[in-house]
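[1] Got a predicted structure plus its sequence, pasted below:
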Amino acid sequence: MNIANLVDTTELKKIKGLNAILLAGQAGNATGNIVADVVLGKSIPSGKLTDTWAASYEDYPSSKNFSHNNGDTNDEYYSDGIYVGYRYFDTFNVTPNYCFGYGKGYTDFETEVRDVEADAKNVTVTASVKNIGDTFAGKEVVQVYYSAPDGTIEKPYQELGGFGKSDLLSPGESQTITISFPTKSMASYDEKKAAWVLEAGTYYIRVGNSSRTTKVAAA
């Protein structure tokens, strides 16, 4: 797919015999060579989606209020609140065709969290990534999310805190990756106080390779 934005992949998934989709983006005059190298295995695809690709247009939270859908073609009002992108799909458990952070290559990986440390300044996650395939090399992106405690401020199910990409790993090869993000980034905006607040409670640190594969690594 030589495209810049989202398309309805539900229609693509209906095509018989289609078992893979290559999202090439828009790489300009180099696109042909890039796609050929990936298809022939000369280069390894390892990108991850920066958007959520819904199963239907109606699954997007802003769809009901867009343009003529609500009868108002003159004005558009922002209604998503804090539930933007994957925050909406993950919080309300709306299953997309392809979730935020999703991406495949020619091999599989196993990620094991080794350590999680947190203080007033940073949250740091150390994880080991191993290529568990037997033929192809590849790169994996380890994604760290956090779930803030329920309090007086409304919060989504989880939010991306940081991520790290491995080197090109051959079958059986592993690498240790350290991902760190500021503790204060887990704060939520309190409209009444007009300030960013870290509410008291348990903050869960989740690790995965997409927003729908995260598992709790620490509390």
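    The structure has been received and is ready for your questions. Numbering: from 1, shown residues only.

[2] nearest spatial neighbour of Ser67, skipping sequence neighbours?
    In this structure, Ser67 finds its nearest non-sequential neighbour in Thr73, 5.8 Å apart by C-beta to C-beta, 6 or more residues apart in numbering. All C-beta atoms are positioned from the backbone trio N, CA, C, and that covers glycine.

[3] and the longest helix for the chain?
    The single longest helix within the chain, with elements called by DSSP state H, is helix 31-39.

[4] Run through who's touching that helix.
    Under the criterion C-beta atoms under 8 Å, 6 or more residues apart in numbering, residues Asn2, Leu22, Ala24, Ala27, Lys42, Ser43, Ile44, Pro45 lie in contact with helix 31-39.

[5] which of the residues you listed count as buried?
    Ile44, Pro45 (16 or more other C-beta atoms under 10 Å).

[6] just to revisit the earlier point, which secondary structure element is home to the residue nearest to Ser67?
    Thr73 belongs to no helix or strand when assigned by DSSP states H and E.

[7] burial count for it?
    10 (other C-beta atoms under 10 Å).

[8] so who does Pro45 touch?
    Leu22, Val38, Gly103, Lys104, Gly105, Tyr106.

[9] May I see the contacts of helix 31-39 arranged in a markdown table, with secondary structure as well?
    What follows is these, written out as a markdown table (DSSP: H, G, I helix; E, B strand; the rest coil):
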| residue | secondary structure |
| --- | --- |
| Asn2 | coil |
| Leu22 | coil |
| Ala24 | coil |
| Ala27 | coil |
| Lys42 | coil |
| Ser43 | coil |
| Ile44 | coil |
| Pro45 | coil |
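
[10] residue boundaries of the strands in the protein?
    Using DSSP state E, the strands of the chain run over residues 109-118, 122-131, 141-147, 159-165, 174-182, 188-190, 195-197, 204-208, 215-218.

[11] Give me the pLDDT for Ala4.
    Here, the pLDDT recorded for Ala4 equals 88.

[12] That one is in contact with Gly25, isn't it?
    Yes: the pair Ala4 and Gly25 qualifies as a contact (C-beta atoms under 8 Å) at a distance of 7.3 Å.

[13] Now the residue positioned nearest the centre of the chain: phi and psi?
    With distances taken as C-alpha atoms, centre = their mean, the residue of the chain nearest its centroid is Gly101 (2.6 Å). Dihedral angles of Gly101 (phi, psi; degrees, to the nearest 10) stand at phi 90, psi 0.

[14] Enumerate every residue touching it.
    Gly101 touches Lys48, Leu49, Tyr86, Val141, Gln143, Leu160, Phe163, Gly208, Asn209, Ser210, Ser211, counting by C-beta under 8 Å, 6+ apart.

[15] and what of Gln158?
    Gln158 neighbours (C-beta under 8 Å, 6+ apart): Arg87, Asp90, Tyr145, Tyr146, Ser147, Arg206, Ser211, Thr214.

[16] Would you mind giving these as a markdown table with neighbour count added?
    Shown next, in a markdown table, are the contacts of Gln158 (neighbours: other C-beta atoms under 10 Å):
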| residue | neighbour count |
| --- | --- |
| Arg87 | 22 |
| Asp90 | 23 |
| Tyr145 | 23 |
| Tyr146 | 21 |
| Ser147 | 20 |
| Arg206 | 23 |
| Ser211 | 25 |
| Thr214 | 23 |
